[in-house]
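*Asks:* The following comprises the amino acid sequence and a computationally predicted model.
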There are 2 protein chains.
Amino acid sequence: MITINDIAKEAGVSAGTVDRVLHNRGGVSKKTAEKINAIIKKRNFKTNKIASSLALNKKLKIATLIPRHDEENTFWKAPLLGTQNAQENVEKFGITINNFSFDQFDATSYIDAFDALIASNPDGVIIAPIFTKETTQITKTLENKNIPYLFINVDLEGFNNLSFIGQDAFKGGFLAGKLMHLCFKENCSVLIIHTRLNAENHYAISERIHGFNDYFINNRISINSTIANIIDLKNTKQLKEKLNKILSDNPSINGIYVPSSRISTIANCIPSITSKKLALIGFDSTDQNIECLTEDKVSFLISQKPFDQGYKSVIIMSDYLIEKKVPEQKIYSPIEILTKENINFN
Amino acid sequence: MITINDIAKEAGVSAGTVDRVLHNRGGVSKKTAEKINAIIKKRNFKTNKIASSLALNKKLKIATLIPRHDEENTFWKAPLLGTQNAQENVEKFGITINNFSFDQFDATSYIDAFDALIASNPDGVIIAPIFTKETTQITKTLENKNIPYLFINVDLEGFNNLSFIGQDAFKGGFLAGKLMHLCFKENCSVLIIHTRLNAENHYAISERIHGFNDYFINNRISINSTIANIIDLKNTKQLKEKLNKILSDNPSINGIYVPSSRISTIANCIPSITSKKLALIGFDSTDQNIECLTEDKVSFLISQKPFDQGYKSVIIMSDYLIEKKVPEQKIYSPIEILTKENINFN
DNA sequence: TTTTGTTTCGTGCTCGCACACGCAAATATA
DNA sequence: TATATTTGCGTGTGCGAGCACGAAACAAAA
């Protein structure tokens, strides 16, 4: 491994000077600076992060602002685990992660969590920007304090976020269309179910629907689709009735497409005899969804590897904080097809 | 953060003594050792890995023994890249990776490569044990020299390998069966093509076929299958003729299943008009296979994330060498479904 | 020429730990 | 009691980089 001293020796200067050049801290003549830079490039020198973080001996803090998970909404468990897992890999560089969570259906809690977050004086922030308006406010504060932030999972446009880490929702929907088509060939008659409350998250949902429809349009396949809006997912009885009514009113329906992570809720409200003839396709590998997959209630899940999203976001932020490595603007997660036969290995 | 000096001060000894206790290097009286241990426990002291690895500054060498890749056989490119990529992440801990490659169809070259490998005095070895008999010999040498080794991609049983990193071939085949079934429902008539020369690799291939058939048996679906043995994949003309003959002799065939990584070779030998009516399912995301997927010649690929296999094997070996972290006996790669619509994100 | 002011750099200490060296006290041997 | 040997520990140096302090080198002003 090539060190700062090797560079210094080759340039005929001291390590201190090389260091000044590396951090362009000034006080170096143009000539020697150029000479040193040339050697650094030639030798492909990279500072040793270990030694660096030892010397700096500073504690960098990364804070995350993501929704809470509970028994009903489990999606956000995976990204959280991802960040925690990543912590093990970055703590050697003196980085600690603090998680601040909020209620994904309550914008006030988002702000409150952010206030707590900012009070902790983080050096970098990872946000799931569920609420557009409030995010504008939040990011303004961050920018004033010069704290870098990146978005995870929700791709809000028009912000100065370091990066976005998540899925291309349109392409996810497109793939869902392909899978649905595969299930029924030319006779697709699909029920599309809206399930979300918070309108802000609408973007991903509508892109998923858009992509789904586009698959059929692009491939000139005719499809029969019905759209249902279901707001209250907690009222199981009412949900069952509503679904039953739709399905008996439209006996031709053979597929159900749920462009959110809540397909299990729907699946569990359909009598098993009926579900046998239906293909259910949804998103995200939550525990409940996986259970439905295993029990053959759901045919396919499209996963966005939420664990990896959390993991990556921490790694990317660390790299940025430690070595100013600027990431890609958009880092797309793979669009993973999950089905009964491959679920155990994912 | 609590340091070795804090412990020393509290115990009324020097840092050197604490260090001796930490590495039970001896030369410390029982009494003081106990006292120090008590304080370490009480204060929950953990050595600072950063400082530790800086101080150790030791050079560990990991060697890999995997097949060469060329224009025709590209599968092994990805694991190689994976190991190289992992190197960037472990070199800060003083670890270097050396790759030794061999001809996957020539057992002698396997031995030769191993001889070169052992001459390089590695501290840990990653092997793709393509040849069973020779692997017995190789591992004996490694065990005599007390060099840990792990298997990648090929799951040979009965060895003292630290771990196996790769796919469950049976499950991969099972999933292939599901996908084939999905393409044709109850009217599957499949041509299964053997393509490998080296019999040793037979295990994975036969498991994939076994799993494929099992899907249909388990689900009580009737299937019509024809098996073709094709040895010489280089003779395109002959291959085309052979395939044409089989397909015209068996007009009912609507699916082709290639349980190796060579489906692109087959796909490119089938006239485009014919291929439109066929579903081709194969394994591994080699460049050629991906191209076939994009061009609609192949319907599905099942990938075992070979890049990740290479990457992980290095990380696991490093963790073992540096901190004696013993890995799981079997580390299965995800069984990934690749199709035209999600290939860009993988 | 001397003084003062600027650049431009070298030096040396620090971070927490590993490990070799060697000294002193404790114990054994003559 | 004198000497040899062992045991128990303290000390010092190095790992690679960050950074403060201040010393040369040079230029400009007195």
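*Replies:* It's in.
*Asks:* what's near enough to touch the residue in the stretch 101-250 of chain A positioned nearest to chain B?
*Replies:* Closest to chain B within the stretch 101-250 of chain A is A:L175: 4.2 Å, counting by Cβ to the nearest Cβ. No exception for glycine: its C-beta is placed from N, CA and C like everyone else's. Contact analysis of A:L175 by Cβ atoms under 8 Å, 6 or more residues apart in numbering or on different chains lists A:G211, A:Y215, A:I302, A:I335, A:I337, B:T339, B:E341, B:N342.
*Asks:* Please name the nearest non-neighbouring residue to it.
*Replies:* B:E341 (4.2 Å; Cβ to Cβ, 6 or more residues apart in numbering or on different chains).
*Asks:* Quickly note the distance from the one you found to DNA strand C.
*Replies:* Remark: distance between B:E341 and DNA strand C (Cβ to the nearest atom of the strand, to the nearest Å) = 51 Å.
*Asks:* measure that residue to B:P306 for me?
*Replies:* 21 Å (Cβ to Cβ, to the nearest Å).
*Asks:* In terms of neighbours, single out the busier of these two.
*Replies:* B:P306 (25 against 20; other Cβ atoms under 10 Å in any protein chain shown).
*Asks:* Tell me if I'm right that the more buried one and B:D284 touch.
*Replies:* Yes - with contact defined as Cβ atoms under 8 Å, B:P306 counts as touching B:D284 (6.9 Å).
*Asks:* do whatever helix or strand A:I36 lives in and DNA strand C meet at all?
*Replies:* Using DSSP states H and E, A:I36 maps to helix A:30-42. Yes - counting by Cβ under 7 Å from any atom of the strand, DNA strand C is contacted by helix A:30-42 at A:K30, A:K31, A:T32, A:A33.
*Asks:* Please produce a ChimeraX select command covering the buried subset of these.
*Replies:* The buried subset of the residues of helix A:30-42 next to DNA strand C, as determined by 16 or more other Cβ atoms under 10 Å in any protein chain shown, is captured in ChimeraX by this line:
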select /A:32,33
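*Asks:* For the stretch 101-250 of chain A, which segments are assigned as helices?
*Replies:* A:107-119, A:132-144, A:169-184, A:202-218, A:236-249 (DSSP state H, counting those that start in this stretch).
*Asks:* out of the ones you listed, nearest to B:L65?
*Replies:* helix A:169-184 (37.9 Å; Cβ to Cβ).
*Asks:* Show me the shaky parts of the stretch 51-200 of chain A.
*Replies:* A:196-200 (pLDDT under 70).
*Asks:* Can I take it that A:R25 is in a helix?
*Replies:* No - under DSSP: H, G, I helix; E, B strand; the rest coil, A:R25 sits outside any helix and is assigned coil.
*Asks:* how near is the residue of the stretch 101-250 of chain A closest to chain B to B:V298?
*Replies:* In terms of Cβ to Cβ, A:L175 sits 16 Å off from B:V298.
*Asks:* And for A:K59, the neighbour number?
*Replies:* Look at A:K59: counted by other Cβ under 10 Å, it has 11 neighbours.
*Asks:* if I read this right, it contacts A:I97, doesn't it?
*Replies:* No - A:K59 is beyond contact range of A:I97, at 11.5 Å (criterion: Cβ under 8 Å).
*Asks:* State the pLDDT value of A:R262.
*Replies:* A:R262 carries a pLDDT value of 89.
*Asks:* what residues are up against the nearest residue to it once chain neighbours are set aside?
*Replies:* Distance criterion Cβ to Cβ, 6+ apart; nearest residue to A:R262, sequence neighbours excluded, is A:T195 at 4.7 Å. Counting by Cβ under 8 Å, 6+ apart, A:T195 touches A:I230, A:I231, A:L233, A:V258, A:S260, A:R262, A:T265, A:I266.
*Asks:* so how far is DNA strand D from the closest residue to A:F184 other than its chain neighbours?
*Replies:* Closest residue to A:F184 apart from its sequence neighbours, by Cβ to Cβ, 6+ apart: A:N254 at 5.5 Å. To DNA strand D, A:N254 is 62 Å away according to Cβ to the nearest atom of the strand.
*Asks:* Repeat that for A:M180.
*Replies:* In terms of Cβ to the nearest atom of the strand, A:M180 sits 53 Å off from DNA strand D.
*Asks:* surely that residue meets A:C188?
*Replies:* Yes - counting by Cβ under 8 Å, A:M180 touches A:C188, with 5.8 Å between them.
*Asks:* Show me whatever sits in contact with both of those two.
*Replies:* The contact lists of A:M180 and A:C188 share A:G255, where a contact means Cβ under 8 Å, 6+ apart.
*Asks:* Of the two, which one has the most company?
*Replies:* A:M180 (26 against 23).
*Asks:* Look up the closest residue to the more buried one, ignoring the ones flanking it.
*Replies:* That would be A:G255: by Cβ to Cβ, 6+ apart, it lies 5.1 Å from A:M180.
*Asks:* Across the sheet, point out what pairs with the one you found.
*Replies:* For A:G255, the beta-bridge partners are A:V190, A:A279 (DSSP bridges).
*Asks:* For burial, what's the neighbour tally of it?
*Replies:* 25.
*Asks:* Next up, the contacts around it.
*Replies:* By Cβ under 8 Å, 6+ apart, A:G255 lies in contact with A:M180, A:C183, A:F184, A:C188, A:S189, A:V190, A:L191, A:L278, A:A279, A:L280, A:I281.
*Asks:* and the residue nearest to A:F184, how many neighbours does it have?
*Replies:* Count around A:N254 with other Cβ under 10 Å applied: 17.
*Asks:* So it sits against A:K277, correct?
*Replies:* Yes - under the criterion of Cβ under 8 Å, A:N254 makes contact with A:K277 at 6.5 Å.
*Asks:* Against DNA strand D, how distant is A:K245?
*Replies:* The separation that A:K245 has from DNA strand D, given Cβ to the nearest atom of the strand, amounts to 66 Å.
*Asks:* that older thread, out of the contacts of A:T195, who's nearest A:K140?
*Replies:* Within the contacts of A:T195, proximity to A:K140 (Cβ to Cβ) peaks at A:S260, which comes in at 29.6 Å.
*Asks:* My read is that that closest one contacts A:I205, right?
*Replies:* Yes - the criterion here is Cβ under 8 Å, and A:S260 meets it with A:I205 at 6.0 Å.
*Asks:* What residues sit buried inside stretch A:328-338?
*Replies:* Quick answer for stretch A:328-338 (16+ other Cβ under 10 Å): A:I331, A:Y332, A:S333, A:P334, A:I335, A:E336, A:I337, A:L338.
*Asks:* And it, how far out from the chain middle?
*Replies:* 8 Å (Cα atoms, centre = their mean, to the nearest Å).
*Asks:* same deal with stretch A:245-254?
*Replies:* 35 Å.
*Asks:* sec struct for A:G310, please.
*Replies:* Quick answer, by three-state DSSP: A:G310 is helix.
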